[in-house]
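**Q** Below: sequence and its predicted model.
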Amino acid sequence: MSGAGDGHDPSASSDPSGSYDPSAFVPFAVTVDLAVFTVRGGALHVLLIRRGQEPYRGAWALPGGFVTPRESAETAARRELAEETGLADDVVAALHLEQLRTYSEPDRDPRMRVVSVAFTALVPDMPEPAAEGGGDAAHARWMPSAEVGALAFDHAAILADARSRIGAKLEYTCLATAFCPPEFTLGELQAVYETVWDTTLDRPNFRRKVLATPGFVEAVPGAARLTGGRGKPAALYRAGPATTLHPPLLRPEGHPR
């Protein structure tokens, strides 16, 4: 931390042993915020809580809260997620949380100087949160990302950054197959990409890229599924052994990153 800009030189209160005067520094808090996404009913959803306390009482927000003195940011993130959404401890413990970035604008919280460490995750098969939340949350719900309006604090910016991050994960990893049935058509896989990326992909081009990527999908011998219309049944595939995509399956040119 630096004392620059407050008119006081913290080194002036230091002694040769390296101790310092804590009063030389302006106190601030550390919080965590979580942008957790899933695909439900063919639409991308994000987990939100309605704040039950000021500031922003009644507004929608990302789950999160203050880091206590004896816990790490990730520990606090999992604790707050469980407390505010009522999700079971084993569900929260199993989530793969990815640290997004740190948000530190001086006026981002009207209560005091607050620095937030944000996490994001894109996860399949997430249960409904509890009808009534805990902590600062009045209740929690999965909301279609297309329907999200104004959010408390700077959570709209965090959500936008997180949406871009999970879109990138689909470019470089095989995560999309986790949102398909155990045996799926390439059309079903394409629908996951279109849902998360919020765009329409060219079907022949998508099929060519998927089948040319080693280990991405494996054909199910002799299996097919009718997908509507008068065409022949579509071939079925399962997730392959790969976890990363080489080459990456990039979003169309001009699509926001």
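**A** Sure, I can see it.
**Q** Tell me which residue lies nearest the centroid of this structure.
**A** Here the mean C-alpha position of the chain is nearest to the C-alpha of Thr120 (CA atoms, centre = their mean), at a distance of 2.7 Å.
**Q** Report how far apart the opening and closing residues of stretch 110-124 are.
**A** Taking CA to CA, to the nearest Å, the span from the opening residue of stretch 110-124 to its closing residue is 35 Å.
**Q** list the buried ones in it?
**A** For stretch 110-124, burial by neighbour count (16 or more other CB atoms under 10 Å) applies to Val114, Val115, Ser116, Val117, Ala118, Phe119, Thr120, Ala121, Leu122, Val123. Heads up, the C-betas are built off the backbone N, CA and C, glycines and all.
**Q** what does stretch 180-192 give?
**A** Cys180, Phe184, Thr185, Leu186, Glu188, Leu189, Gln190, Ala191, Val192.
**Q** Endpoint to endpoint, that stretch covers what distance?
**A** Start-to-end span of stretch 180-192 (CA to CA) is 8 Å.
**Q** Please apply the same query to stretch 175-191.
**A** Counting by CA to CA, the length from the leading to the trailing residue of stretch 175-191 is 13 Å.
**Q** so which of the buried residues of stretch 180-192 comes closest to Asp154?
**A** Minimum separation from Asp154 among the buried residues of stretch 180-192 (CB to CB) is found for Val192, which lies at 28.9 Å.
**Q** and the gap between that closest one and Tyr103?
**A** 29 Å (CB to CB, to the nearest Å).
**Q** Could you tell me how many residues sit around Val92?
**A** When neighbours are counted by other CB atoms under 10 Å, Val92 registers 19.
**Q** Assign a three-state SS to it, would you?
**A** The three-state assignment at Val92 reads helix, by DSSP: H, G, I helix; E, B strand; the rest coil.
**Q** One more: the one 10 residues further on?
**A** Three-state assignment for Thr102 (three-state DSSP): strand.
**Q** who touches it in this structure?
**A** Thr102 makes contact with Val115, Ser116, Val117, Ala118 under the criterion CB atoms under 8 Å, 6 or more residues apart in numbering.
**Q** Show me what it is bridged to.
**A** Assessed by DSSP bridges, Thr102 has beta-bridge partners Val117.
**Q** And the pLDDT for it?
**A** Confidence at Thr102, expressed as pLDDT, is 98.
**Q** Ser14 too?
**A** Residue-level pLDDT assigned to Ser14 equals 47.
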